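Asker: Have a look; sequence and predicted model below, questions after that.
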Amino acid sequence: MLKYFVEKTEALKRLRTDNDGVVSFEYIIVAASIIAVVTLAFGAGGPLQAALTAGLNAISAALVAAV
């Protein structure tokens, strides 16, 4: 158990001191932006939700009519 704790502690130290590339805070900003866009697009009353609902209803009606 101690071995895993030490490994994780060392990984966190490397993450904090790493100045190359994207830092974790920037990943958080990107993730929050993606979540906001997906929520707006698929949320209640969003344009994609209406289009998907209409499409699924049309498919369902066609299947019922075919059977």
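Answerer: Arrived safely, thanks for sending.
Asker: Tell me, what's the model's pLDDT at Gln64?
Answerer: Small correction: residue 64 is Val, not Gln. Note for Val64: predicted pLDDT of 92.
Asker: which stretches of this protein have low pLDDT?
Answerer: The chain contains residues with pLDDT under 70 at 1, 15-22.
Asker: can you rerun that using 80?
Answerer: 1-4, 6, 12-25, 40-49 (pLDDT under 80).
Asker: What are the boundaries of the helices in it?
Answerer: 2-17, 24-42, 47-66 (DSSP state H).
Asker: Now tabulate those in JSON lines and tack on mean neighbour count.
Answerer: Using the backbone N, CA and C atoms, a C-beta is placed for each residue, glycine as well. Formatted as JSON lines, the helices of the chain follow (neighbours: other C-beta atoms under 10 Å):
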{"stretch": "helix 2-17", "mean neighbour count": "9"}
{"stretch": "helix 24-42", "mean neighbour count": "10"}
{"stretch": "helix 47-66", "mean neighbour count": "10"}
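Asker: Please tell me how far Ala66 sits from Phe42.
Answerer: 29 Å (C-beta to C-beta, to the nearest Å).
Asker: meant to ask about Lys13, not that
Answerer: Going from Lys13 to Phe42 by C-beta to C-beta gives 39 Å.
Asker: Tyr4 now?
Answerer: On the measure of C-beta to C-beta, Tyr4 and Phe42 end up 38 Å apart.
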